[in-house]
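> no sequence for this one, just the structure:
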């Protein structure tokens, strides 16, 4: 982009206020939504540290535009996106567009880019014309600081809309009539002054985790659904380490999409597990007795409870939510009752759709590779989290693939804790777990590897050449070495 164009963009979005590195207290409000118009979205984002209201208390957090979570970006296939990004932090950062199929080069989704403190940088890219609709997100990806910055609050959502495209899942009458609620799950570990605690070395090894769970920056918010209506819940795990096992108590719900990509048909679920970075679309019909229904976070052990117990017993650190031994807790509530769907302006009854779309069957792979996730000490970096015996090297390409080919990657977790695997740029399908076929064909960009589990995934490398990364999405593990570079040629 020429300098004149860049200055024009800066002027176009100058109405968005920049924030000083230490800002005054921001009051809670729904995240601002920026929607594209006439094929373009131009916005300003500022990452800063300041006091915000979090769940009714004052906290010092990192935010995008003084909001927890950050603004929601809504685009359509073919749109041009221009983001003027200002780093008002005292440390380097950048932006990663998690789940979007974008070039990993230039001004698009380059995970190696550095935006220095005080710098304003331009991100400029086009959503591909054939990009599927879906639910995605953005967050920092500066290696070594990712866990700290995400745990301090930096996260925002991206929705690619397809409601104007016949045949798209968003174009279905049932989903067009449904209410939509975006839920961003984050956890925080705050001291009495509202400062985020820095984790002690064992907790940095396990993955930092807090006992304050928020939904859209609120504690136990309530959502409404008219009787006879349909609610489309779009849930993001934006936590640095915590794995959520979610259940809507005494109420059915149906899984409609994984990691933003729709399934072929809704699938009834008892509970849904979301590792860090994962998303789920769930459909909730308002067909039960009027009342209030709790969205529960159930206990989940990602493999650290036994280690924490053996090292520390049940001391104060255990009570801060660092390990998942808590009782089920309500994190939000769904209310519906007196108002009917017709009174709220929709049809009298919104049915659950019977079909959603197609999930293509991928061809057999041309290459099969193995990736072993384990713990040890890298002889060069001394980092403890390894893939194929090595920790991340900034200048080393670990895997080279051909654009236009399909590969199977066999992910082997030889460790006693979860390691959620994330691949940038391209989606994949899970083929099997421990040798057993995966029952649900679905697109993913994160798959959780349980302790000592082997998962086989199938990846079509499409469209874009360049270097990007794959890594564990327990972000402390990524920062401490569990990441590799893949070059697409």
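Now that the structure is in, tell me what you want to look at. Source: prediction; values computed, not measured.
> Pull up the per-residue confidence for residue 229.
At residue 229, the pLDDT value in this model is 89.
> My guess is it contacts residue 179. True?
Yes - Residue 229 lies in contact with residue 179 (CB atoms under 8 Å); the separation is 6.1 Å. All C-beta atoms are positioned from the backbone trio N, CA, C, and that covers glycine.
> ranges for the strands of the stretch 151-300 of the chain?
For the stretch 151-300 of the chain, the strands defined by DSSP state E, counting those that start in this stretch occupy 156-160, 179-188, 212-215, 222-224, 230-237, 244-248, 253-258, 261-269, 272-274, 279-285, 291-298.
> Check which helices and strands the fourth one sits against.
Same thing as strand 222-224. strand 329-336 (3 or more CB pairs under 8 Å, 6 or more residues apart in numbering; DSSP states H and E).
> what angle separates the strand it packs on from strand 279-285?
Angle of strand 329-336 versus strand 279-285, following axes from the mean of the first three to the mean of the last three CA atoms, to 10 degrees, is 40 degrees.
> ok, residue 229 and residue 179, which is more surrounded?
residue 229 (25 against 19; other CB atoms under 10 Å).
> What does that one show for phi and psi?
Backbone torsions of residue 229, given as degrees, to the nearest 10, read phi -90, psi -180.
> tell me the centre residue of the chain?
Nearest to the mean C-alpha position of the chain, by CA atoms, centre = their mean, lies residue 277 at 3.3 Å.
> Provide a list of residues in contact with that residue.
98, 237, 420, 422, 445-446, 473 (CB atoms under 8 Å, 6 or more residues apart in numbering).
> Same question for residue 414.
Contacts of residue 414 by CB under 8 Å, 6+ apart are 372-374, 452.
> ok, so of these, who is nearest residue 127?
residue 373 (32.1 Å; CB to CB).
> partner residues bridging the closest one?
residue 387, residue 413 (DSSP bridges).
> Buried residues of the longest strand along the chain, list them for me.
In the chain, assigned by DSSP state E, the strand with the most residues is strand 40-54. Judged by neighbour count using 16 or more other CB atoms under 10 Å, the buried positions of strand 40-54 are 41-54.
> Now render these as TSV, adding pLDDT and distance to residue 73.
Putting the buried residues of strand 40-54 into TSV (pLDDT from 0 to 100; distance: CB to CB, whole Å) gives the following:
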residue	pLDDT	distance to residue 73
41	98	7
42	98	11
43	98	7
44	98	12
45	98	9
46	98	14
47	98	15
48	98	18
49	98	22
50	96	21
51	96	25
52	94	20
53	92	23
54	93	22
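> Compile those residues into TSV and extend it with columns for distance to residue 215.
Converted to TSV, the buried residues of strand 40-54 look like this (distance: CB to CB, whole Å):
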residue	distance to residue 215
41	26
42	29
43	24
44	26
45	22
46	24
47	22
48	23
49	23
50	21
51	21
52	15
53	15
54	12
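> which ones are touching the closest residue to residue 162 other than its chain neighbours?
Nearest non-adjacent residue to residue 162, counting by CB to CB, 6 or more residues apart in numbering: residue 133, 3.1 Å away. With contact taken as CB under 8 Å, 6+ apart, residue 133 is in contact with 77, 159-163, 165, 168-170, 262.
> Which among those residues count as buried?
Of these, these count as buried by 16+ other CB under 10 Å: 77, 159-162, 168-170, 262.
> from the buried residues of strand 40-54, which is closest to residue 354?
residue 41 (33.7 Å).
> how far away is the closest one from residue 441?
32 Å (CB to CB, to the nearest Å).
> One more: residue 393?
35 Å.
> now swap in residue 482 and tell me
28 Å.
> more crowded one of these two?
Counting neighbours by other CB under 10 Å for residue 482 and for residue 441 shows that residue 482 has the greater number, 27 against 16.
> What residues does the more buried one make contact with?
Per CB under 8 Å, 6+ apart, neighbours of residue 482: 373, 385-387, 391-392, 419, 471-472, 474.
> Can you flag the buried ones in these?
373, 385-387, 391-392, 419, 471-472, 474.
> Grab the nearest non-local neighbour of residue 216.
residue 184 (5.5 Å).
> Quick check: mean pLDDT of stretch 109-125?
98.
> same check, this time on stretch 471-484
98.
> do the same with stretch 354-374
96.
> Pull out the buried positions in that stretch.
356-357, 359, 365, 371, 373-374.
> same question, stretch 198-217
199, 203-210, 212-217.
> quick one: least confident of these?
residue 203 (87).
> Do me a favour and get the end-to-end distance for stretch 166-178?
17 Å (CA to CA, to the nearest Å).
> quick one on the thing from earlier: of all the contacts of residue 133, which comes closest to residue 464?
For the contacts of residue 133, the nearest to residue 464 is residue 77 (15.8 Å; CB to CB).
> about what we covered before: quick check, nearest of the contacts of residue 482 to residue 379?
Minimum distance to residue 379 across those is 9.3 Å, recorded for residue 391 (CB to CB).
> so the closest one sits right up against residue 481, yeah?
Yes - Residue 391 is within contact range of residue 481, at 3.0 Å (criterion: CB under 8 Å).
> list residues touching both of these two?
378, 381, 383-385.
> Please tell me how far residue 457 sits from residue 476.
23 Å.
> What's the first helix or strand after the helix or strand of the chain with the lowest mean pLDDT?
One helix or strand of the chain scores below all others by mean pLDDT, DSSP states H and E: strand 22-26, with a mean of 39. Moving toward the C-terminus from strand 22-26, the next helix or strand (DSSP states H and E) is strand 33-35.
> what's in contact with that following strand?
Contacts for strand 33-35 (CB under 8 Å, 6+ apart): 41, 43, 71-75.
> any idea which of those is closest to residue 291?
Distances from residue 291 to these, taken by CB to CB, are shortest for residue 72, at 29.4 Å.
> ok, the closest one to residue 478 distance?
Separation of residue 72 from residue 478 (CB to CB): 25 Å.
> Check which residues of the next helix or strand after the longest strand of the chain are buried.
Later in the chain than strand 40-54, the nearest helix or strand by DSSP H and E is strand 57-64. Of the residues in strand 57-64, 59-64 count as buried by neighbour count, 16+ other CB under 10 Å.
> same check, this time on stretch 294-305
So, applying 16+ other CB under 10 Å, buried residues of stretch 294-305: 294-298, 300-305.
> now swap in stretch 377-391 and tell me
Of the residues in stretch 377-391, those buried (16+ other CB under 10 Å) are 378, 383-387, 390-391.
> Next: stretch 264-277.
For stretch 264-277, burial by neighbour count (16+ other CB under 10 Å) applies to 266-267, 269, 272-277.
> residue ranges for the helices of the stretch 1-150 of the chain, please.
3-12, 146-151 (DSSP state H, counting those that start in this stretch).
> For those helices, which has the smallest mean pLDDT value?
helix 3-12 (a mean of 43).
> In this protein, where is pLDDT below threshold?
Counting by pLDDT under 70, the chain shows low-confidence ranges at 1-30, 306-326, 338-349.
> can you rerun that using 80?
For the chain, applying pLDDT under 80 flags the ranges 1-31, 166-167, 305-326, 337-350.
> rewinding a little: from the buried residues of stretch 264-277, which is closest to residue 116?
Out of the buried residues of stretch 264-277, the member with the shortest distance to residue 116 (by CB to CB) is residue 277, at 25.7 Å.
> Report the separation between that closest one and residue 480.
Per CB to CB, residue 277 is found 17 Å from residue 480.
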